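*Asks:* here you go, sequence then predicted model.
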Amino acid sequence: MRSQWEQHRPFGGVVPEIAARAHVECLDVLVREALNGANVGLDDLSAVAATTGPGLIGGLIVGAITGKAIAMARGIPFISVHHLEAHALTVGLTEGIAPPYLLLLVSGGHTQP
């Protein structure tokens with residue numbers, strides 16, 4: 001698990017520029033670990049998806065540009081995913097829970113009416 005908490009602690013919350021730079025510093029390693037963990041290579045991909053908003057634009061741009069670059073280099077589609085929907089649907093991937101389910105998404109800037 002990776003965390004940026006120590007980088008943001010002195011400021012009392014998330015600093016978008018620090019978050020984006022931290023994303024840049026580790027994204028190549030995370031992509032490699034994800035591919036290795038799934039036992040696949042870039043040639044095995046049929047598409048690339050990344051969240052693109054709403055949210056802190058710096059981190060979202062880093063992920064989107066990385067995803068688009070991989071997709072373009074491989075000649076495969078890039079799929080833009082709504083950031084909050086991704087949070088809501090992650091429970092299905094991590095816990096195997098299928099809809100319908102009740103999810104309360106309350107996390108700082110993620111809170112929407």
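*Replies:* Alright, I've got the coordinates. Numbers count the residues shown, from 1 in each chain.

*Asks:* quick one: the strands in this structure?
*Replies:* All strands of the chain, identified by DSSP state E, fall at 48-53, 78-82.

*Asks:* centre of the chain versus the biggest helix by length in the chain, how much separation?
*Replies:* Under DSSP state H, the helix in the chain containing the largest number of residues is helix 16-37. Between the centre of helix 16-37 and the centre of its chain there are 9 Å (Cα atoms, centre = their mean, to the nearest Å).

*Asks:* any idea of the angle that helix forms with strand 48-53?
*Replies:* Angle, helix 16-37 to strand 48-53, by axes from the mean of the first three to the mean of the last three Cα atoms, to 10 degrees: 160 degrees.

*Asks:* tell me which strands and helices helix 16-37 is in contact with?
*Replies:* Where contact means 3 or more Cβ pairs under 8 Å, 6 or more residues apart in numbering; DSSP states H and E, helix 16-37 is packed against helix 5-8, helix 57-74. In this view, the C-beta of every residue, glycine as well, is placed from N, C-alpha and C.

*Asks:* ranking the ones you listed by mean pLDDT, which is last?
*Replies:* With a mean of 84, helix 5-8 has the lowest mean pLDDT of the helices and strands packed on helix 16-37.

*Asks:* before we move on, the earlier item: minimum distance to Pro10: which of the strands of the chain has it?
*Replies:* Nearest of the strands of the chain to Pro10, taken as Cβ to Cβ: strand 48-53 at 26.9 Å.
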